[in-house]
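*Asks:* Let's see this in three dimensions:
(chains A and B)
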Number of protein chains: 2
Amino acid sequence: MTNEHSMDELQEFKAKAEEIVREARSIIISGLSREVSYKLKADGSFVTDVDLAVEDLIRTRLQVAFPDHDVLGEEGPRTSGTSDYLWVIDPVDGTYSFRHRIPLFGTLLALNYRDRSIVGVIDLPALDRTYVAASGLGSRCNGRDLRLKDLSSEKAVRHEVIATGERKQFVKAEKSTEFDNLMRSHGSVRTYCDCFGHAMAIEGCVGAMVDYNIHIWDVAATEVLIQEVGGKFVRVRVDATGSVADARYDVVFGKPKVVDWALRVLGAETNI
Amino acid sequence: MTNEHSMDELQEFKAKAEEIVREARSIIISGLSREVSYKLKADGSFVTDVDLAVEDLIRTRLQVAFPDHDVLGEEGPRTSGTSDYLWVIDPVDGTYSFRHRIPLFGTLLALNYRDRSIVGVIDLPALDRTYVAASGLGSRCNGRDLRLKDLSSEKAVRHEVIATGERKQFVKAEKSTEFDNLMRSHGSVRTYCDCFGHAMAIEGCVGAMVDYNIHIWDVAATEVLIQEVGGKFVRVRVDATGSVADARYDVVFGKPKVVDWALRVLGAETNI
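*Replies:* Down below sits the predicted model:
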């Protein structure tokens, strides 16, 4: 895939993505110290004025930098729809955490080429951590190179922490039994929802993350970040019967041996 | 209870506790950037050289400042055992997180007078947050006054996040059914283990925390911190058949209406 883009191009995409997300961080930080207005969306999740302002800023910057690329965000529709390059934005991943001032939310930005991400940024403003990757160029956190170390044997899985999203995500995916099995199968399954769990898997702080019923803007940055640290990223299910914004993904990612263990516990057979 | 201590005394205890914990933070921060040695304890949990060094520092400082007071820590026995004043130390609460570089661990220090805490400090080094309280003197985080706002009605509980420890804590307390019921009863139950969950409840970021089968050094600081923000702290069960270091507590704390809701879901009838 990387052969279709020069290293210089990827480097440019990556640098611009990081620059834009870092600029957006100031909107989020100032939102933490004031009352934000929020409303309930049709899907039962919340949107705040901060989500809208961050997405607006990122869209504006991308349209100037890459006028031929498409853009899709959690809070707004896809532009034109003809380019092979699609920027995918989650302005505040973990809006529920953000609204409650739980400091485990972040901003996600990815560049997809056709169906796979080639650039990914996860920014955790309250933790002051920015994770950046591009295909073939590695993953870094605050400038530090990241590399996952797989377990020497699957027996060591019991010493790992396993991250998941909330149980209600699995209920929506009609997989509550799988969630309950996972919870019972391991002593340290923790609901580290949203991009915090993703970041912990990318760093290897948790062995794997199991995240179900999520959108393209939740998975895109993580896919390339995990691949570039030498991790395994498995799409267990993709429900893409509607538009790209409506698609739902069930994914498992992290250290290869922990991912394999989790897939077995989940009874997940498909690998798309 | 506060009548037995002058405000000046409490102020002095509180200031010294905060000073000592802040000094200990440097040991933890330096431990994050090197390989720490760890061993498995008899109870299946881990202890690192950082836990031991932090407890050693805190004990030394307390013995100089308050030579007549007793001291008990997670990693060492109770001194003398004759004073009504007992300092309780958890040098690294969330050692498992610390070992995995998950930034949600902390240092806990409390002063108990007879069976109740009158001073409490929770320090989260990786989040740069220090929570400090003393009876009648309020709770603060990094110098900011904290005050919980209870819900206007129990119906609003569904908009809150509910924090718990890991499922295995409930298994050890023979309360796995209660854990499973809690998980199923609410859309946003999250395993924010250890002092991170406690801190989130003290700030009101989560509506309540349900934490089972924990030790005196896990609960002591939180008890006074929650009371001083106007929250409710309920000991659902205290198993104190052995020594104070062996005692186990099941506790629920946070916004009063959320605590009442959680107690009902848990089927918890006792309030000690």
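*Asks:* Residues of the stretch 151-272 of chain A that sit close to chain B?
*Replies:* A:160-161, A:166-168, A:180, A:183-184, A:187-191, A:193, A:200, A:203, A:205-206 (Cβ under 8 Å from any Cβ of the partner chain). Yep, even glycine has a C-beta here, placed from its N, CA and C like the rest.
*Asks:* at 6 Å what do you get?
*Replies:* Counting by Cβ under 6 Å from any Cβ of the partner chain, the residues of the stretch 151-272 of chain A close to chain B are A:161, A:166-168, A:183, A:187-188, A:190-191, A:205.
*Asks:* Filter these down to just the buried residues.
*Replies:* Buried residues within those, counting neighbours by 16 or more other Cβ atoms under 10 Å in any protein chain shown: A:161, A:166-168, A:183, A:187-188, A:190-191, A:205.
*Asks:* residue boundaries of the strands in the stretch 51-200 of chain A?
*Replies:* A:70-73, A:85-93, A:106-113, A:116-124, A:129-134, A:138-141, A:144-146, A:162-164, A:189-190 (DSSP state E, counting those that start in this stretch).
*Asks:* nearest to residue A:50, of those strands?
*Replies:* In terms of Cβ to Cβ, the element of these nearest to residue A:50 is strand A:85-93, at 6.1 Å.
*Asks:* For that closest one, name the packing helices and strands.
*Replies:* With contacts taken as 3 or more Cβ pairs under 6 Å, 6 or more residues apart in numbering or on different chains; DSSP states H and E, strand A:85-93 sits against helix A:49-65, strand A:70-73, strand A:106-113, helix A:216-228.
*Asks:* Compare the ones you listed and give me the one nearest residue B:151.
*Replies:* Short answer: helix A:49-65, nearest of these by Cβ to Cβ, at 23.4 Å.
*Asks:* Tell me what angle the closest one forms with helix A:216-228.
*Replies:* Helix A:49-65 runs at 60 degrees relative to helix A:216-228, counting by axes from the mean of the first three to the mean of the last three Cα atoms, to 10 degrees.
*Asks:* angle of helix A:49-65 against strand A:106-113?
*Replies:* Relative orientation of helix A:49-65 versus strand A:106-113 (the same axes, to 10 degrees): 30 degrees.
*Asks:* I'd like the secondary structure assignment at residue A:238, please.
*Replies:* Of the three states, residue A:238 takes strand according to DSSP: H, G, I helix; E, B strand; the rest coil.
*Asks:* burial of it, as a residue count?
*Replies:* 16 (other Cβ atoms under 10 Å in any protein chain shown).
*Asks:* that older thread, determine which two of the residues of the stretch 151-272 of chain A next to chain B are furthest apart.
*Replies:* By the measure Cβ to Cβ, A:168 and A:205 form the most distant pair in those, at 24.2 Å.
*Asks:* hmm, back to that, now the helices and strands packed on strand A:85-93 as CSV including mean neighbour count?
*Replies:* Below are those laid out as CSV (neighbours: other Cβ atoms under 10 Å in any protein chain shown):
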stretch, mean neighbour count
helix A:49-65, 19
strand A:70-73, 22
strand A:106-113, 27
helix A:216-228, 26
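*Asks:* out of those, nearest to residue A:145?
*Replies:* Closest to residue A:145 of the helices and strands packed on strand A:85-93, according to Cβ to Cβ: helix A:216-228, at 10.0 Å.
*Asks:* Show the pLDDT at the closest residue in space to residue A:184 that isn't next to it in sequence.
*Replies:* Spatial nearest neighbour of residue A:184, excluding adjacent residues (Cβ to Cβ, 6 or more residues apart in numbering or on different chains): residue B:167 at 7.3 Å. With respect to pLDDT, residue B:167 scores 95.
*Asks:* on that earlier part again, closest one to residue B:217 among the strands of the stretch 51-200 of chain A?
*Replies:* Between residue B:217 and these, the shortest gap by Cβ to Cβ is with strand A:189-190, which sits at 21.3 Å.
*Asks:* Show me what from the stretch 1-150 of chain A comes close to chain B.
*Replies:* Residues of the stretch 1-150 of chain A lying close to chain B (Cβ under 6 Å from any Cβ) are A:100-102.
*Asks:* which of those count as buried?
*Replies:* By 16+ other Cβ under 10 Å, the residues of the stretch 1-150 of chain A next to chain B give A:100, A:102 as buried.
*Asks:* quick one: secondary structure of residue A:258?
*Replies:* Secondary structure assignment for residue A:258 (three-state DSSP): helix.
*Asks:* so where's chain A uncertain?
*Replies:* Across chain A, the ranges flagged by pLDDT under 70 are A:1-3, A:269-272.
*Asks:* longest helix in it, by residue count?
*Replies:* helix A:7-32 (DSSP state H).
*Asks:* Past that helix, which element shows up next along the chain?
*Replies:* Next helix or strand after helix A:7-32 toward the C-terminus (DSSP states H and E): strand A:38-40.
*Asks:* hmm, who's touching that following strand?
*Replies:* For strand A:38-40, contacts defined as Cβ atoms under 6 Å, 6 or more residues apart in numbering or on different chains pick out A:46, A:48, A:99.
*Asks:* mind listing what the first one touches?
*Replies:* With contacts defined as Cβ under 6 Å, 6+ apart, the neighbours of residue A:46 are A:38, A:95, A:99.
*Asks:* Kindly list the main-chain dihedrals of the closest residue to the second one other than its chain neighbours?
*Replies:* When the adjacent residues along the chain are set aside, residue A:95 lies closest to residue A:46, with 5.1 Å between them (Cβ to Cβ, 6+ apart). Backbone torsions for residue A:46, taken as degrees, to the nearest 10, come to phi -100, psi 150.
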